[in-house]
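> Here is a sequence together with a model predicted from it:
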Amino acid sequence: MIASSQLKSSTFACSKIIHKSPILHPLARFVTEETVALLFNISADEIYRIECCRYMVYVHAKGISRFVSYADFPPIVRVNAIAPQDFGRWYKRWKSKQAPAFWTKFYTYKFKKAVSVDSLLEWGQLVATVKSVISGVALQQLRDVYAQEKDLMEKF
């Protein structure tokens with residue numbers, strides 16, 4: 001049995017992601033609070049809610065009320081693998097066949113945040129899967145950050 005003092009000190013975090021449509025968009029699996037916070041350069045605490053609608057994501061946060069395309073959210077690890085259809089969905093939204101610049105920022109952040117070589121490798125493999133949609137300059141930048149982070153981890 002849990003003591004009442006333990007219940008008072010426990011903190012339960014509720015997801016701020018709300019699915020508004022009975023039909024889940026296939027790219028909705030990449031929508032996270034962390035990604036939204038990084039996309040808008042805010043803390044996760046400033047997010048009030050993220051509504052996953054049928055075709056768009058509505059973000060309501062401190063000073064922000066905006067619709068975002070599912071195609072703006074980069075793929076993440078530990079969800080269903082990237083499918084060939086996902087590339088078609090991205091291309092349909094993007095003006096070119098290149099991912100938004102935010103993807104480079106996001107993966108740079110994930111490489112630097114990795115806590116182990118295995119985690120870094122997992123993110124690196126994901127980037128390798130989508131490298132065809134990342135510009136050559138951005139891809140080289142990501143490779144440099146990856147190598148730097150791997151080197152730092154292996155030296156410790």
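All right, it came through fine.
> what sits against the residue lying closest to residue 112 once chain neighbours are set aside?
Spatial nearest neighbour of residue 112, excluding adjacent residues (Cβ to Cβ, 6 or more residues apart in numbering): residue 149 at 6.1 Å. No exception for glycine: its C-beta is placed from N, CA and C like everyone else's. Residue 149 makes contact with 111, 112, 114, 120 under the criterion Cβ atoms under 8 Å, 6 or more residues apart in numbering.
> Give me the pLDDT value at residue 149.
With respect to pLDDT, residue 149 has a value of 97.
> In the stretch of helix or strand it belongs to, which residues are buried?
Remark: residue 149 resides in helix 136-155, with elements defined by DSSP states H and E. Applying a neighbour-count criterion of 16 or more other Cβ atoms under 10 Å, one finds 138, 139, 142, 145, 146, 149, 150 buried in helix 136-155.
> And for stretch 19-26?
residue 25.
> got a list of contacts for that stretch?
Here stretch 19-26 makes contact (Cβ under 8 Å, 6+ apart) with 28, 51, 52, 53, 54, 55, 58, 70, 83, 85, 86, 89.
> Could you say which helix or strand holds the last one?
Counting by DSSP H and E, the secondary-structure element that holds residue 89 is helix 84-93.
> Can you tell me which of the contacts of stretch 19-26 are buried?
With burial judged by 16+ other Cβ under 10 Å, the buried subset of those is 28, 51, 52, 70, 86, 89.
> isn't the last one right up against residue 69?
Right, residue 89. No. Counting by Cβ atoms under 8 Å, residue 89 sits too far from residue 69 to count as a contact (9.6 Å).
> Please give the element, helix or strand, for the nearest residue to residue 123 once chain neighbours are set aside.
Nearest non-adjacent residue to residue 123, counting by Cβ to Cβ, 6+ apart: residue 110, 4.9 Å away. Secondary structure from DSSP H and E places residue 110 in helix 101-113.
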